[in-house]
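Chemist: Fold the following for me, if possible:
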Amino acid sequence: MPYPLRSLVPARAVLRADNLRMVGKLTVVAALMFCFGYALVPIYKAVCTALGINVLSRSEQLTSGRGAAAPRTNTQVDLSRTITVEFDANARGVWDFKPAQRSIDVHPGEMATVMYEFKNTQNRTMAAQAIPSYAPMQAMAHFNKVECFCFNEYTMKAGESKRWPVVFYIDPKLPRDVRTITLSYTFFEVGGKVPPAPQAAATAGQTAGRRS
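Modeler: From the prediction side, this is the model:
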């Protein structure tokens, strides 16, 4: 025997009421989570202040510029040993190419920067690039360059000078018997991409050849 229609109406009303209560509960939970997330930073700040930890306030000073930036320290720096890094430069062409300093002493894991200087001493525009090499060869896998001008092609005008940084650090896993590393760059002209010599210079060279 089928249920009468009037018995289904209260059931639907009860179900609708249950759904409304569930939506209300979920809304309250979402609001509480939002309030907790919003209050998390002040709570963390109060805990840091109570425990004497000034990590948050120090970063605020760095971003606002109201305080001097404290030097960053790398906890992975191996202070128990020192590596001497020597810098070398080879130029295959008529130009000046050299490091600003010949060597530097660093601890493994310590970030360091050295500048390389280049000047095109020719009377024409040239295109060139540099490739690095290492000695001993086993040091190559442990020599990490964060910034380097190597493998990039540069177009240099006549008489133009450039300074390029090499930012690097040595992996602390470098074998302990390696105490000196030589980083050498070979700077060479890129063939087939160099503009021809200026017309005035070419004419002067032809005139000099006829006189001789």
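Chemist: And the strands in the chain?
Modeler: Under the criterion DSSP state E, strands of the chain are mapped to 83-92, 96-99, 103-106, 112-119, 126-135, 143-147, 154-156, 161-170, 180-189.
Chemist: how about these, which one is nearest Leu32?
Modeler: Judged by C-beta to C-beta, the one of these that comes nearest to Leu32 is strand 143-147, at 44.6 Å. Bear in mind the C-beta positions are built from the backbone N, C-alpha and C, glycine included.
Chemist: quick check: mean pLDDT across that closest one?
Modeler: Strand 143-147 comes out with an average pLDDT of 94.
Chemist: Look up how far Pro108 lies from Ser184.
Modeler: 20 Å (C-beta to C-beta, to the nearest Å).
Chemist: same check, this time on Phe118
Modeler: If you go by C-beta to C-beta, the gap between Phe118 and Pro108 works out to 29 Å.
Chemist: same check, this time on Tyr154
Modeler: 31 Å.
Chemist: So between those two, which is more surrounded?
Modeler: Set side by side, Tyr154 and Pro108 give different neighbour counts by other C-beta atoms under 10 Å, the larger being at Pro108 (21 against 17).
Chemist: Domains in this protein, by residue range?
Modeler: Using automatic domain parsing, the domain ranges for the chain come out as 9-66, 83-189.
Chemist: Next up, the contacts around the spatially closest residue to Ala91 that is not a sequence neighbour.
Modeler: Computed as C-beta to C-beta, 6 or more residues apart in numbering, the closest residue to Ala91 that is not its neighbour in sequence is Phe97, at 4.1 Å. Neighbour list for Phe97: 89-91, 116-119, 185, 187 [criterion: C-beta atoms under 8 Å, 6 or more residues apart in numbering].
Chemist: one more time with 10 Å, if that's ok
Modeler: Taking C-beta atoms under 10 Å, 6 or more residues apart in numbering, we find Phe97 in contact with 89-91, 116-120, 128, 130, 162, 185-188.
Chemist: and if you look at Gln129?
Modeler: Going by C-beta under 10 Å, 6+ apart, the list of residues near Gln129 reads 149-154, 186-190, 193.
Chemist: Which one of those sits in the busiest neighbourhood?
Modeler: Phe187 (22 neighbours).
Chemist: State the distance from the nearest residue to Ile170 once chain neighbours are set aside to Phe87.
Modeler: Nearest non-adjacent residue to Ile170, counting by C-beta to C-beta, 6+ apart: Pro108, 4.8 Å away. Distance, Pro108 to Phe87, using C-beta to C-beta: 18 Å.
Chemist: cool, and Leu79?
Modeler: Taken as C-beta to C-beta, the span from Leu79 to Phe87 is 23 Å.
Chemist: Between those two, which has more neighbouring residues?
Modeler: Phe87 (20 against 9).
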